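J.: Based on what follows, work out the 3D shape:
(2 chains)
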Amino acid sequence: MPAEVYELFARKTRHEPLHHVGTVTAATEELARVYARSTYDEERWVEMVAVPRRAIVPVTALRPLIEDGGG
Amino acid sequence: MSPQPAQAGTLAGWLLALADSKRLLGIRYGEWCTGAPELEADIAATAMAQYELGHARILFGLLSDFDHDPREAERGRSPAGYRHLPNLDQPFAGWTDFVVANALVDTALTVALESALASSWKPLAQRLRKAVEEEAFHFLHGQAWLVRLAGQRASRAGLAGRLERAWPPVLAWFGPQGSGLSTLARAGLLGQGPEAMRRSLAERLEPALRRAGLPGPPGQVVWDGWSQETRRAGPVALDRETFRLLARTEATEVEG
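T.: I've put the predicted structure just below:
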């Protein structure tokens, strides 16, 4: 099974929104969970979720800083 | 309730076996802080090493309640005096060995710690509660990798063989029913005796093993040559380099 990138979101209290804390690359959802916990354990998160990057629907696409042929 | 003199020696011996196993497991995990199949696994190995070494410190500290000097227990013994699980004698030969130890050895130690949570001797239960909570992600890591390796044709046969060889010393390490740990369980100092711990271990791993199509525990525990003192058959075969690391004390004087 090929590895894929998961975007991680977490919050420290119930009263704040989830915010982006980083990414992990993992071959399975189970491993993504484990890697998220061991990699981003600097806080006592009350909630952390992992979203496969492929599931993200772009709304406003980020334009490259330097456009091809733009010079 | 404090252990009675008749059980104190047995309990101290069991705590030493747990502490040695945790310390060795931490060192073995730490040897994979780089070199795991992926960067995230390096980090997970490092994190688990840190937790195992922390758990070992707690267990060595508990020995001071039995008039043992924890420092002496940690650094003053010969290789033959160590009581860890035989599976940890040698560095892991590869990632498959890591995964087998992570899934089987680490879970066996968690079962043992959980049994201590039910102890009538409160310091034991109180000081190990957090350690048991921390083990949850080690268990998930071991299971996830077990299933992953079992699903790959290149690693499956090696994994099954290593797992089959790993079971017997782990099961025997708890000791025969009716021996030391049974006495501790009857006295309320542990929540489970050896047979119940073996059963708990098998039950805990059964779903992942079934999912992965891997061998469960052998039907019978082999006791030929098993020693109550060392909790294994045959001599302690700790590798020299690891022993040098365990016994090392910084010789440089620290000012202050």
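
J.: Would you agree residue B:80 is in contact with residue B:237?
T.: No - using Cβ atoms under 8 Å, residue B:80 makes no contact with residue B:237, being 9.7 Å away. Quick note: C-beta positions are derived from backbone N, CA and C, even for glycine.

J.: Give me the buried positions along stretch A:15-25.
T.: By neighbour count with 16 or more other Cβ atoms under 10 Å in any protein chain shown, stretch A:15-25 contains the buried residues A:21, A:23-24.

J.: which among these are in contact with chain B?
T.: By Cβ under 8 Å from any Cβ of the partner chain, the members of the buried residues of stretch A:15-25 lying near chain B are residue A:24.

J.: Pick the one among the buried residues of stretch A:15-25 closest to chain B.
T.: Nearest to chain B among these is residue A:24, at 5.3 Å by Cβ to the nearest Cβ.

J.: How is residue B:90 assigned, secondary-structure-wise?
T.: coil (DSSP: H, G, I helix; E, B strand; the rest coil).

J.: For it, which non-adjacent residue is closest in space?
T.: The shortest distance from residue B:90 to any non-neighbouring residue, by Cβ to Cβ, 6 or more residues apart in numbering or on different chains, is to residue B:239 (5.2 Å).

J.: do residue B:22 as well
T.: With Cβ to Cβ, 6+ apart as the criterion, residue B:22 has its nearest non-adjacent residue at 3.9 Å, and that residue is residue B:56.

J.: Residue B:212 - how many residues pack around it?
T.: When counting by other Cβ atoms under 10 Å in any protein chain shown, one arrives at 21 neighbours for residue B:212.

J.: Please list all residues in contact with it.
T.: If you count contacts by Cβ atoms under 8 Å, 6 or more residues apart in numbering or on different chains, residue B:212 has them with B:146-147, B:150-151.

J.: Please apply the same query to residue B:32.
T.: Counting by Cβ under 8 Å, 6+ apart, residue B:32 has contacts B:41-42, B:45, B:92, B:95, B:98.

J.: what about the chain, any weak spots by pLDDT?
T.: Picking chain A for this. A:69-71 (pLDDT under 70).

J.: The intended chain is chain B.
T.: B:1, B:68-75, B:249-256.

J.: List phi and psi for residue A:17.
T.: Torsion angles at residue A:17 (phi, psi; degrees, to the nearest 10) stand at phi -80, psi 160.

J.: Was I right to think it contacts residue A:11?
T.: Yes - the criterion here is Cβ under 8 Å, and residue A:17 meets it with residue A:11 at 6.6 Å.

J.: Pull the number of nearby residues for the closest residue in space to residue B:16 that isn't next to it in sequence.
T.: Spatial nearest neighbour of residue B:16, excluding adjacent residues (Cβ to Cβ, 6+ apart): residue B:83 at 5.3 Å. With neighbours defined by other Cβ under 10 Å, the count for residue B:83 comes to 20.

J.: Give me the distance between residue B:83 and residue B:24.
T.: According to Cβ to Cβ, to the nearest Å, residue B:83 and residue B:24 sit 10 Å apart.

J.: and what of residue B:40?
T.: Using Cβ to Cβ, residue B:40 is found at 24 Å from residue B:24.

J.: Give me the secondary structure label for residue B:189.
T.: Secondary structure for residue B:189, judged by three-state DSSP, is coil.

J.: Just say helix, strand or coil for residue 21.
T.: As the question left the chain open, I've gone with chain A. Following three-state DSSP, the label given to residue A:21 is strand.
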